[in-house]
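Undergrad: let's see this in three dimensions:
(one chain, ligands or ions: 1)
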Amino acid sequence: MRQPVIAANWKMYKNPAESVAFIREFLPLVEHLSGSDIVLFPTATSLASVCDAVAETRLMAGAQTMHWLSEGPYTGQTSPTMLTSIGATHVLLGHSERRLYANETYEHVNLKIKAACANHLIPVLCLGEMLSDRQEGYTADTLMAQMGAALANFPAERAHTLIVAYEPVWAIGTGSTATPEVANDTHGIIRRDLEKRFGREIADATRILYGGSVKPENVAEMMAQPEIDGALVGGASLDPHTFADIIRNAHPAS
Ligand code: 13P
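TA: Numbers count the residues shown, from 1 in each chain. So this is what the prediction gives:
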């Protein structure tokens, strides 16, 4: 059994005060819902406040990106040890917005993912094809290439810490979600690749999240798919009631 993960990617929204106000409102709404791990990914300047606010709660917090080195003359960067020093437990790596607007490549992601593991941060590896890839039949090839670059020489003994987020670029912030069947099939492709790399046991245990226009109205049908182990939510995670509805609807029984 894979414990689901429902994660909020707040992107460039919410200052520290707004982030803490969210948590105060959100926590009572989800405290009794035990079905999934809940992780918040605030912007860099809010992360320390969020880490403090989630300490001693069931919520966890992580960064939206990081550098791979521990320190150095890299203006504007944040290191893995800086993240762990404030209590962050997770890090998003390879989000398509980082690739599009900050020139992050999967070769960078490879360095970062290894650094995350070395520093006991849980990496959430984001993958996803462009609309043109899907239309031209290159979805599987694109995802394999992304995984090949991101996971090159990744130590198999750390593979159990990995979380993967499948986020088709054409579904992010657009309101068009992949159908549950398309998402499920694509997660299957990713899981088979994980099996080739790390073996059956790791592949079966790895949580693969879906991201791209997840809302309270569509999360249940996504979570009903056998290969979908959670959601990485952008826009709909910004309001505490909407995000709590997503968590509630993800597990109708809880
Ligand atoms: P939306 O939920 O706003 O489509 O964003 C998805 C996303 O990019 C999460 O990382």
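
Undergrad: who touches the residue in the stretch 1-150 of the chain that the ligand sits nearest to in this structure?
TA: Of all residues in the stretch 1-150 of the chain, the one sitting closest to the ligand is residue 9 (3.6 Å; C-beta to the nearest ligand atom). Yep, even glycine has a C-beta here, placed from its N, CA and C like the rest. Contacts for residue 9 (C-beta atoms under 8 Å, 6 or more residues apart in numbering) come out as 41, 64, 92, 95, 211, 232-234, 237.

Undergrad: now do 6 Å
TA: Counting by C-beta atoms under 6 Å, 6 or more residues apart in numbering, residue 9 makes contact with 41, 232, 234.

Undergrad: neighbours of residue 105, how many?
TA: 13 (other C-beta atoms under 10 Å).

Undergrad: same thing with residue 122?
TA: 19.

Undergrad: related to what we said a few turns ago, dihedrals phi and psi, the residue of the stretch 1-150 of the chain closest to the ligand?
TA: Main-chain dihedrals, residue 9, degrees, to the nearest 10: phi -100, psi 100.

Undergrad: and residue 20, by the same measure?
TA: Torsion angles, degrees, to the nearest 10, at residue 20: phi -70, psi -40.

Undergrad: which residues are in contact with the closest residue to the ligand within the chain?
TA: Residue nearest to the ligand within the chain: residue 234 (2.3 Å; C-beta to the nearest ligand atom). Residues near residue 234 by C-beta under 6 Å, 6+ apart: residue 9.

Undergrad: could you do residue 161 as well?
TA: residue 122.

Undergrad: before we move on, which element is residue 124 in?
TA: strand 122-127 (DSSP states H and E).

Undergrad: that strand: partners in the sheet, and parallel or antiparallel?
TA: strand 90-93 (parallel), strand 163-166 (parallel) (DSSP bridges).

Undergrad: distance of residue 214 from residue 148?
TA: 27 Å (C-beta to C-beta, to the nearest Å).

Undergrad: which one's more surrounded, those two?
TA: residue 214 (26 against 13).

Undergrad: wait, the more buried one sits on residue 231?
TA: Yes. Counting by C-beta atoms under 6 Å, residue 231 is a contact partner of residue 214 at 4.5 Å.

Undergrad: now residue 218: closest residue in space that isn't a chain neighbour?
TA: residue 177 (5.6 Å; C-beta to C-beta, 6 or more residues apart in numbering).

Undergrad: A strand includes that neighbour, no?
TA: No. The assignment for residue 177 (DSSP: H, G, I helix; E, B strand; the rest coil) gives coil, which keeps it out of a strand.

Undergrad: report the contact partners of it.
TA: Counting by C-beta under 6 Å, 6+ apart, the residues that residue 177 touches are 171, 212-213, 218.

Undergrad: out of these, who's the most crowded?
TA: Neighbour counts for those (other C-beta under 10 Å) peak at residue 212, which has 26 neighbours.

Undergrad: any idea how far the residue lying closest to that residue once chain neighbours are set aside is from residue 235?
TA: Closest residue to residue 212 apart from its sequence neighbours, by C-beta to C-beta, 6+ apart: residue 171 at 2.8 Å. As judged by C-beta to C-beta, residue 171 and residue 235 stand 12 Å apart.

Undergrad: same deal with residue 72?
TA: Applying C-beta to C-beta to residue 72 and residue 235 gives a distance of 35 Å.

Undergrad: who has more neighbours, those two?
TA: residue 235 (17 against 8).

Undergrad: could you look up the SS state of the residue lying closest to residue 94 once chain neighbours are set aside?
TA: Using C-beta to C-beta, 6+ apart and skipping residues adjacent in sequence, the residue nearest residue 94 is residue 109, 4.2 Å away. Following three-state DSSP, residue 109 is assigned to helix.
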